[in-house]
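Peer 1: test case, fold it:
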Amino acid sequence: MDGIDLRTDGIAVRDRFLTRPQIRALADSARKRRERGGFAAARIGADRRLQRRAEIRGDSICWLTEPLFAPERALLARLEGLRVQMNREAFLGLFELELHYAWYPPGTGYARHVDQPQDRNQRRVSLVLYLNERWEPSDGGELRIFGDDERHRDIEPKGGRLVVFLTDRREHEVLPTRQSRLSLTGWFRSRE
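Peer 2: Residues are numbered from 1 along each chain as shown. Purely as a prediction, here's the structure:
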């Protein structure tokens, strides 16, 4: 699996990680899950403090759980290869993956945040895989990733693009989208 190297600045972007048919098949799987009522409004916080705050986070999510559709199973096998590669090359101690669909309707985003729940450190590598078949720069919805010096990098949510970054203290946000925006989002986790 070439093209995923976190050693320079802790961020890697790989275009065409998925083909158009793969994007379409996963988007179709997400649609089926939505039709079955599998999506719920995303919440912020942890444990008993979870709450819906649409002004902070406007997406709906659906965790990837059994039974899986064939395209989801194929993707998980491919991401397992990515986990093994990152462990081999960067010694990250990644043990498992937690993954969900994230659907942002027009006009929503996700305010600046970190992916590590308070008092927990299992999430080591964050990933976003975009499932938007057609995306124009005017559609918005970029992932903005901040550096320690407050500079930022905006990454357009083009279909098939994979974004991977080290989770620890990495602030980022989803800028407001003007079109429905779909991705698979998750974390490679350690045991501790």
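Peer 1: quick one: low-confidence residue ranges for the protein.
Peer 2: Across the chain, the ranges flagged by pLDDT under 70 are 1-3, 47, 117-119.
Peer 1: 80 instead, please
Peer 2: Residues of the chain meeting the criterion pLDDT under 80: 1-8, 43-56, 116-121, 192.
Peer 1: what about the strands in it?
Peer 2: Counting by DSSP state E, the chain has strands at residues 11-14, 40-41, 60-63, 96-104, 110-113, 123-130, 143-146, 152-155, 162-166, 172-174, 181-189.
Peer 1: identify the residue nearest S60 in space, chain neighbours excluded?
Peer 2: Leaving out its chain neighbours, the residue that sits closest to S60 by C-beta to C-beta, 6 or more residues apart in numbering is F39, at 4.4 Å. C-betas here are computed from N, CA, C, even on glycine.
Peer 1: what distance do you get for that neighbour to I61?
Peer 2: Taking C-beta to C-beta, to the nearest Å as the measure, F39 and I61 are separated by 7 Å.
Peer 1: give me the common contacts of the two.
Peer 2: By C-beta atoms under 8 Å, 6 or more residues apart in numbering, F39 and I61 have these common neighbours: Y101, W103.
Peer 1: looking at the two, which is more packed in?
Peer 2: The residue with more neighbours, out of F39 and I61, is F39; 19 against 16, by other C-beta atoms under 10 Å.
Peer 1: need the contact list for the more buried one.
Peer 2: By C-beta under 8 Å, 6+ apart, the neighbours of F39 are R33, S60, I61, C62, Y101, W103.
Peer 1: the first one touches C62, doesn't it?
Peer 2: Same thing as R33. Yes: if you go by C-beta atoms under 8 Å, R33 and C62 touch, sitting 4.9 Å apart.
Peer 1: which neighbours do these two share?
Peer 2: F39, Y101.
Peer 1: which parts of stretch 56-63 are buried?
Peer 2: The neighbour-count criterion (16 or more other C-beta atoms under 10 Å) identifies I56, R57, G58, D59, S60, I61, C62 as the buried residues of stretch 56-63.
Peer 1: so how far does it reach from one end to the other?
Peer 2: 20 Å (C-alpha to C-alpha, to the nearest Å).
Peer 1: and what of stretch 14-27?
Peer 2: 19 Å.
Peer 1: equivalent analysis for stretch 139-150, please.
Peer 2: Stretch 139-150: ends 24 Å apart by C-alpha to C-alpha.
Peer 1: since that was my last question, I'll sign off now.
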